[in-house]
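[1] okay, predicted coordinates and the sequence, questions at the end:
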Amino acid sequence: MAETDYSVRSIKGGYDDNLTYLVSCLRTGNQFLVDASVPLKQIKPFVHRRGLIALFITHTHADHTAYLDEYVDAYPNLVSMIYKESEDRIKCNYIKPVKHGDIVTVGQLSLEVYHTPGHYPDSICYLLDHILFTGDTLFVGRTGRTVDKRSDTRSLYRSVYETIMDLPGKTMIYPGHDYGPKMSVSIDENISISPLLQATDEDDFVQRMADYEATRTIES
């Protein structure tokens with residue numbers, strides 16, 4: 001698929017430099033969002049007349065679903081994609097549970113679902129062409145954290161090292177927060193700048209994560 005067949009607008013706001021993405025199929029005019037992290041008023045100026053069709057939720061931490069009610073009130077036919085074991089964690093008129101390996105189509109755009117637990121059990125990444133929407137699984141310069149009581153560092157290792165890092169190195173990471181030196185980065189570049197992505201094995205990664213948490217600052 002040529003890059004000119006779609007556009008991706010990054011919108012920053014929410015609770016902690018969150019990023020919501022507005023994706024437009026340029027052939028059909030259909031649009032969808034990745035996460036409900038910013039107020040509707042930030043998104044609405046860029047929504048086409050026919051309105052939003054779908055919302056892809058990367059995980060159910062509150063900051064990523066914070067404005068879902070606003071979106072549903074404005075667009076009652078919005079279909080929300082969410083990991084199949086978490087559909088009861090959100091309120092929406094139309095919910096489509098998804099699982100690893102599913103393909104979801106909006107307009108003429110197809111997204112592949114990758115279940116990537118670790119930061120949270122229902123974490124999902126969505127692959128559109130050469131763009132991977134990673135939520136809080138992977139940021140620019142580091143992985144997500146595993147301090148939530150339902151997080152698991154070893155699961156995160158497998159999600160990042162055995163799923164995401166198996167994708168082509170030119171794949172672009174579009175994360176759920178703007179925490180790095182820039183908003184997006186290729187997998188290859190991310191590996192080169194992040195010690196958390198240079199572990200020799202799972203145990204090494206666990207130790208690197210522990211060292212990171214021991215020395216990190218108050219910022220998320």
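    That came through, no problem.

[2] what about the strands in this structure?
    6-13, 18-25, 31-34, 52-56, 79-83, 94-98, 103-106, 109-115, 124-128, 131-135, 138-139, 142-143, 172-175, 185-186 (DSSP state E).

[3] so which elements touch the third one?
    The reference is to strand 31-34. Contact partners of strand 31-34 among helices and strands, from 3 or more C-beta pairs under 8 Å, 6 or more residues apart in numbering; DSSP states H and E: strand 18-25, strand 52-56. Quick note: C-beta positions are derived from backbone N, CA and C, even for glycine.

[4] dump those into TSV; add mean neighbour count and mean pLDDT as well.
    Converted to TSV, the helices and strands packed on strand 31-34 look like this (neighbours: other C-beta atoms under 10 Å; pLDDT from 0 to 100):
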stretch	mean neighbour count	mean pLDDT
strand 18-25	22	97
strand 52-56	23	96
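
[5] in CSV, list these along with distance to P175.
    What follows is the helices and strands packed on strand 31-34, written out as CSV (distance: least, C-beta to C-beta, whole Å):
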stretch, distance to P175
strand 18-25, 7
strand 52-56, 14
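
[6] packing partners for the helix with the most length in the chain?
    The longest helix of the chain (DSSP state H) is helix 202-215. If contacts are counted by 3+ C-beta pairs under 8 Å, 6+ apart, helix 202-215 sits against helix 153-162.

[7] the helix it packs on: which residues count as buried?
    T153, S155, L156, Y157, S159, V160, Y161 (16 or more other C-beta atoms under 10 Å).

[8] and if you look at stretch 60-74?
    Counting neighbours by 16+ other C-beta under 10 Å, the buried set in stretch 60-74 is T60, H61, D63, H64, T65, A66, Y67, L68, E70, Y71, V72.

[9] and the spatially most central residue of the chain, how close does it get to G101?
    The residue lying closest to the centre of the chain (C-alpha atoms, centre = their mean) is G135, at 2.6 Å. Note on G135: its distance to G101, by C-beta to C-beta, to the nearest Å, is 18 Å.

[10] please apply the same query to Y157.
    20 Å.

[11] one more: Y212?
    31 Å.

[12] and L40, by the same measure?
    From L40 to G101 the distance is 32 Å (C-beta to C-beta).

[13] ok, the two, which is more surrounded?
    Legend: neighbour count by other C-beta atoms under 10 Å for L40 and G101, higher for L40 (16 against 9).
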